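**Q** Test case, fold it:
(chains A, B, C and D)
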2 protein chains.
Amino acid sequence: MLQPGPPKFQRRKEDRPGEIVSAALGVFSEKGFAAARLDEIARRAGVSKGALYLYFETKEELFHAVVKSAISPNLAMVRERLEAFPGPFGGLLEVFLPTIAQVIATSAVAPIGKMVIGEGRNFPELARYWHEELVAPMIGLVSGLIAKAQARGEVRAGDPRLFAAQIMAPFLMAVLWRETFVPVGAEPFDVQALAAQHLTVLKAGLLIGEKA
Amino acid sequence: MLQPGPPKFQRRKEDRPGEIVSAALGVFSEKGFAAARLDEIARRAGVSKGALYLYFETKEELFHAVVKSAISPNLAMVRERLEAFPGPFGGLLEVFLPTIAQVIATSAVAPIGKMVIGEGRNFPELARYWHEELVAPMIGLVSGLIAKAQARGEVRAGDPRLFAAQIMAPFLMAVLWRETFVPVGAEPFDVQALAAQHLTVLKAGLLIGEKA
DNA sequence: AATAAATAACTGACCGGTCAGTTATCAACG
DNA sequence: CGTTGATAACTGACCGGTCAGTTATTTATT
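**A** Residues are numbered from 1 along each chain as shown, chains lettered A, B, ... in the order given. Here you go, the predicted structure:
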């Protein structure tokens, strides 16, 4: 009866938070905030539910940590690529649109974003954080680039913020389509093809002095 | 002790379902499906919780009734206007975009749609219904009109379904922006201005033989 | 032995759904 | 016309299950 066998658990204080956040990302993505069960997050993280409370005070704080972890790297990456781009606005679009398509297809930004949209009303702090940390900077960044391009005479007159919305909107739609309607049988959108076609329309519709 | 006083309730079998659906629309719009409380719906409808179950079997069925009531009139209106339009595609866009903007600004489609997006994963029947009854028909309708316009040589070559997505996406974004970020301090989008600017870009980017 | 990580059993509030009882309404009857 | 009996709309207290969060206890580590 005294054979030790494999220990029941190990003490791994350093790794737990990351593993828990990772597990929580999965469950929140699949179920949304309200329907996510802490028992399931704990199970996937390989710990007990009580252990969650050693590292996070509440469910909401855990959600917050998930959102933070999903935002920062992707935003930084996009921002760097955009600000470092030297050429004209048309060339910037050629780089930017496929980049966005790729981030959407591969990162956790999409399901988290959908969750923020779905439950933002009930968790205003979260919507505020998402808006201030990710959405507003992105819109501002793109708007600023558009305004500069207008000043150089490359982009037609108009509200830069609305132009930014027009540029980003199809990607938002593709994400929500994939997350909402594809699971119930809708035909998916090919995000890369959408990016390519969107680029064509934008170049003809937004830029000055381009041929259709 | 026999003074009747005001009666505790009245029997109004005809009106109850409509009043309950209306109250439910409000609560579902504000809270989402999961967070909506049947007690609150009942309170707003001026009945007891038990009365809800005289007219609807479950919470989900009530939600279904709400979705139905919000969809049908608006879809029918848009479809009629679109199919009856005689002129070229550019002129159709001029009518269609402001119409969409108006429906978004005034109808209950927007909050319900946001709710479907937010909770569709947990209620696939609902997402399926919304997709089959509203979204797929709309996409199909617009795609068909685009294909016809392409055949007439009015619209550039490309996947009509992707074009349809590009046309609709900014309105989706405006709705979600209003529902999600404006309550936490974001600056709203002027949907009418967005429609106007979107029209300009689409005419230059989508149509053949138009001057920028 | 002392400490802290981790567990597992537990609590209490919440809420969808139920149902026994109440009351408005109306038709039948005197 | 007033009364009464029958019906069905309606109420509201209640129940059972669920789940975020707590705590008494065990176990790994130093």
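**Q** The residue in chain A that DNA strand C sits nearest to and B:Leu202, how far apart?
**A** Residue of chain A nearest DNA strand C, by C-beta to the nearest atom of the strand: A:Gly50 (2.3 Å). Every residue, glycine included, has its C-beta placed from N, CA and C. Using C-beta to C-beta, to the nearest Å, we find A:Gly50 at a distance of 56 Å from B:Leu202.
**Q** Mind checking which of these two has more residues around it?
**A** Ranked by neighbour count (other C-beta atoms under 10 Å in any protein chain shown), A:Gly50 and B:Leu202 place B:Leu202 first, with 25 against 9.
**Q** Let me see the contact set for the nearest residue to the more buried one once chain neighbours are set aside.
**A** Sequence neighbours aside, B:Leu93 is the residue nearest to B:Leu202 in space, at 5.9 Å (criterion: C-beta to C-beta, 6 or more residues apart in numbering or on different chains). Contacts for B:Leu93 (C-beta atoms under 8 Å, 6 or more residues apart in numbering or on different chains) come out as B:Ile167, B:Leu199, B:Leu202, B:Lys203.
**Q** Of the residues you listed, which is the nearest to B:Val191?
**A** Among the contacts of B:Leu93, B:Leu199 lies closest to B:Val191 (C-beta to C-beta), at 12.5 Å.
**Q** so A:Glu57 sits in a strand?
**A** No. Using DSSP: H, G, I helix; E, B strand; the rest coil, the assignment for A:Glu57 is coil, not a strand.
**Q** Run a quick neighbour tally on it.
**A** A:Glu57 has 9 neighbouring residues, counting by other C-beta under 10 Å.
**Q** Quick one: check the helix or strand where A:Glu61 lies for contact with DNA strand C.
**A** In this structure, A:Glu61 sits in helix A:59-83 according to DSSP states H and E. No. For helix A:59-83, no contact with DNA strand C is found by C-beta under 7 Å from any atom of the strand; the gap never falls below 12.6 Å.
**Q** Can you give me the pLDDT of A:Gln3?
**A** Reading off the confidence values, A:Gln3 has pLDDT 45.
**Q** circling back to that earlier point, what about the contacts of B:Leu93, which are in helices?
**A** If you go by DSSP state H, these have B:Ile167, B:Leu199, B:Leu202, B:Lys203 in helices.
**Q** Those, buried ones only, as a ChimeraX selection?
**A** In ChimeraX syntax, the buried subset of the ones in helices among the contacts of B:Leu93 is picked out as below (16 or more other C-beta atoms under 10 Å in any protein chain shown):
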select /B:167,199,202,203
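**Q** Could you dump the ones in helices among the contacts of B:Leu93 into JSON lines and include distance to DNA strand C and pLDDT?
**A** As requested, the ones in helices among the contacts of B:Leu93 are exported to JSON lines (distance: C-beta to the nearest atom of the strand, whole Å; pLDDT from 0 to 100):
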{"residue": "B:Ile167", "distance to DNA strand C": "38", "pLDDT": "97"}
{"residue": "B:Leu199", "distance to DNA strand C": "43", "pLDDT": "97"}
{"residue": "B:Leu202", "distance to DNA strand C": "43", "pLDDT": "97"}
{"residue": "B:Lys203", "distance to DNA strand C": "48", "pLDDT": "97"}
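**Q** In the ones in helices among the contacts of B:Leu93, find the pair that's most separated.
**A** Using C-beta to C-beta, the pair of the ones in helices among the contacts of B:Leu93 lying farthest apart is B:Ile167 and B:Lys203, separated by 11.5 Å.
**Q** re earlier: which SSE is the residue of chain A closest to DNA strand C in?
**A** Under the assignment here (DSSP H and E), A:Gly50 is part of helix A:49-55.
**Q** And the contacts of that helix?
**A** When contacts are defined by C-beta under 8 Å, 6+ apart, helix A:49-55 is touched by residues A:Arg16, A:Pro17, A:Ile20, A:Leu38, A:Asp39, A:Ile41, A:Ala42, A:Ala45, A:Leu62.
**Q** quick one: is it near DNA strand D?
**A** Yes. Using C-beta under 7 Å from any atom of the strand, we find that helix A:49-55 touches DNA strand D at A:Lys49, A:Gly50, A:Tyr53.
**Q** now the angle from the helix or strand harbouring A:Gln197 to helix B:191-206?
**A** Here A:Gln197 sits within helix A:191-206, counting by DSSP H and E. On the basis of axes from the mean of the first three to the mean of the last three C-alpha atoms, to 10 degrees, helix A:191-206 is oriented at 100 degrees to helix B:191-206.
**Q** So A:Pro183 sits against B:Arg121, correct?
**A** Yes. Taking C-beta atoms under 8 Å as the definition, A:Pro183 is a contact partner of B:Arg121 at 6.9 Å.
**Q** any common contacting residues for those two?
**A** With C-beta under 8 Å, 6+ apart as the test, A:Pro183 and B:Arg121 both reach B:Ala127.
**Q** Where do the helices of chain A begin and end?
**A** Using DSSP H, helices in chain A cover A:16-31, A:38-45, A:49-55, A:59-83, A:89-106, A:109-119, A:124-130, A:136-151, A:160-176, A:191-206.
**Q** Out of these, the one nearest B:Ala34 is which?
**A** Nearest of the helices of chain A to B:Ala34, taken as C-beta to C-beta: helix A:109-119 at 8.8 Å.
**Q** So which elements touch the closest one?
**A** Packing partners of helix A:109-119 (3 or more C-beta pairs under 8 Å, 6 or more residues apart in numbering or on different chains; DSSP states H and E): helix A:16-31, helix A:59-83, helix A:124-130, helix A:160-176, helix B:109-119.
**Q** again, only this time at 6 Å
**A** If contacts are counted by 3 or more C-beta pairs under 6 Å, 6 or more residues apart in numbering or on different chains; DSSP states H and E, helix A:109-119 sits against helix A:59-83.
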